[in-house]
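A.B. asks: got a sequence here, can you build the structure:
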Amino acid sequence: MPGDIKAFIFQFFNKFVFDRDVSFEEAEQFVGFQSIVVATGIVGETLPEPFYRFLVSTREQYTQYVEEFEPYVENMYGSELHGSCAPSSASCVRQATAAILDGITLAGGVSVPTDITTAVGILYSTHATNPYPAREIPAGKELEFFWKNIRIFAPVISFPHWITRPTCPNSSAEETAKLNKGEGRQEACKEGPKNQITGYADFNQYTGGVRQVPHIALAQRDPRRWGADWIQFVVRDLKAYMDNSVGFAEMAEDSSVANGKMNRSCPGKTLALMIGEAFMKLFKKDEWEAVSPETIAFTMGPMWVSEFVLQASPSLSLCGSPQQEPYAYAICSLPCARYFPSHISLWPLIWKVLGMHVQPHFPAASGVVLETGLRRQGILRST
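C.D. replies: Presented below is the predicted three-dimensional model:
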């Protein structure tokens with residue numbers, strides 16, 4: 001389930017940002033790469049230098065993705081980007097492309113699937129750790145329900161930042177501090193000679209630095225803001241989330257610095273909430289069933305929930321019969337457990353909910369399944 005959702009979000013981001021179609025197989029390949037990058041990010045700071053050579057293939061694959069996305073960024077934002085980035089950058093478009101890929105790989109591309117997965121898991125889990133025994137979305141509260149998942153199952157655990165930067169190699173703390181120019185501007189450490197063993201110049205990622213790590217997951221459960229039932233999965237009014245949320249680092253903003261260009265709040269907050277709300281509106285619990293719902297367990301972050309599998313409900317009327325709806329019946333009868341969303345693409349329907357009025361491009365058979373189900377719900381109509 002989590003891997004399928006990550007692949008789906010990768011498809012969605014590509015279509016939404018670049019109007020680019022990505023197959024599910026291509027998206028699955030990206031998710032495999034994404035897992036390696038996330039794992040590397042967790043251990044990267046403590047990885048001894050002799051091991052860097054083992055990361056070359058990951059770096060090369062990341063470069064390939066940057067080169068793949070760069071023409072799309074150039075086409076959409078090139079005129080705005082040229083000459084607008086740091087002087088040390090060889091290409092403003094390349095720098096922006098890398099930043100966008102970072103967001104898809106390490107930010108929204110991980111956090112949005114995390115909370116869609118917990119939201120779906122809550123609806124099916126019969127395990128004692130399920131914090132929401134009702135297992136139903138309150139009518140008309142899809143956004144609040146998704147935002148509640150963000151609060152309880154924070155996809156971003158902490159938000160570290162340096163208040164004193166690490167000392168540059170072969171330099172002093174005082175000389176390093178002079179590289180900070182104010183107004184969000186700073187210079188990089190001067191690169192020294194390359195190490196003969198590693199092939200890289202000496203660098204320092206943490207010694208001499210002071211880093212603060214606000215714990216967003218704990219802040220999202222602060223009883224001073226959320227009351228006596230702070231730990232309970234209670235779907236609250238939308239205003240409560242708007243007033244009290246820090247899950248998108250809303251507090252990390254100061255638009256007086258560099259005209260807001262140094263703000264560290266999540267720029268994708270609105271999009272993330274729109275995707276989550278649309279998904280919850282489109283997802284029909286009775287059209288799916290969990291394989292072994294008693295094993296869907298909730299635990300500590302950052303994953304929060306164990307892996308699980310959904311399959312099309314065998315009692316679904318939308319599967320029809322061979323005579324009435326042969327294509328839908330054929331899809332529902334396939335002996336495959338990975339129905340969600342490997343065999344049914346939902347992003348065109350989410351676009352419809354978001355009001356973008358796009359034309360869905362379904363594979364022939366799965367399109368019949370979705371169109372049939374949505375037409376019965378009054379969402380899609382024949383033309």
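
A.B. asks: C-alpha from now on. contacts and neighbour counts both.
C.D. replies: Noted.

A.B. asks: for the record, mean pLDDT for the lengthiest helix in the chain?
C.D. replies: The longest helix of the chain (DSSP state H) is helix 56-81. Helix 56-81 shows a mean pLDDT of 90.

A.B. asks: quick check: buried residues in it?
C.D. replies: 62, 66, 69-70, 72-74, 78, 81 (16 or more other C-alpha atoms under 10 Å).

A.B. asks: so which elements touch that helix?
C.D. replies: helix 2-18, helix 24-43, helix 92-106 (3 or more C-alpha pairs under 8 Å, 6 or more residues apart in numbering; DSSP states H and E).

A.B. asks: got the angle between that helix and helix 92-106?
C.D. replies: 130 degrees (axes from the mean of the first three to the mean of the last three C-alpha atoms, to 10 degrees).

A.B. asks: so which residues of this protein form strands?
C.D. replies: Ranges of strands within the chain are 161-164, 180-182, 185-186, 210-212, 288-291, 309-312, based on DSSP state E.

A.B. asks: chain center to the fourth one, what's the gap?
C.D. replies: If you compare the mean C-alpha spot of strand 210-212 with that of the full chain, they lie 26 Å apart, counting by C-alpha atoms, centre = their mean, to the nearest Å.

A.B. asks: point out where the stretch 51-200 of the chain drops to low pLDDT.
C.D. replies: Residue ranges of the stretch 51-200 of the chain with pLDDT under 70: 86-90, 183-184.

A.B. asks: at 80 what do you get?
C.D. replies: Residues of the stretch 51-200 of the chain meeting the criterion pLDDT under 80: 51-53, 82-90, 159, 182-185, 195-200.

A.B. asks: the stretch 201-350 of the chain: helices as residue ranges?
C.D. replies: Taking DSSP state H, counting those that start in this stretch as the criterion, the stretch 201-350 of the chain carries its helices at 216-219, 223-226, 238-244, 269-282, 326-332, 347-353.

A.B. asks: going by mean pLDDT, which of those helices comes out lowest?
C.D. replies: helix 326-332 (a mean of 38).

A.B. asks: tabulate the helices and strands packed on helix 56-81 in CSV, adding columns for distance to Gln212 and mean neighbour count.
C.D. replies: Formatted as CSV, the helices and strands packed on helix 56-81 follow (distance: least, C-alpha to C-alpha, whole Å; neighbours: other C-alpha atoms under 10 Å):
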stretch, distance to Gln212, mean neighbour count
helix 2-18, 30, 21
helix 24-43, 17, 15
helix 92-106, 20, 19
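
A.B. asks: can I get those in a markdown table with distance to Pro166?
C.D. replies: Output for the helices and strands packed on helix 56-81, formatted as a markdown table (distance: least, C-alpha to C-alpha, whole Å):
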| stretch | distance to Pro166 |
| --- | --- |
| helix 2-18 | 34 |
| helix 24-43 | 18 |
| helix 92-106 | 22 |
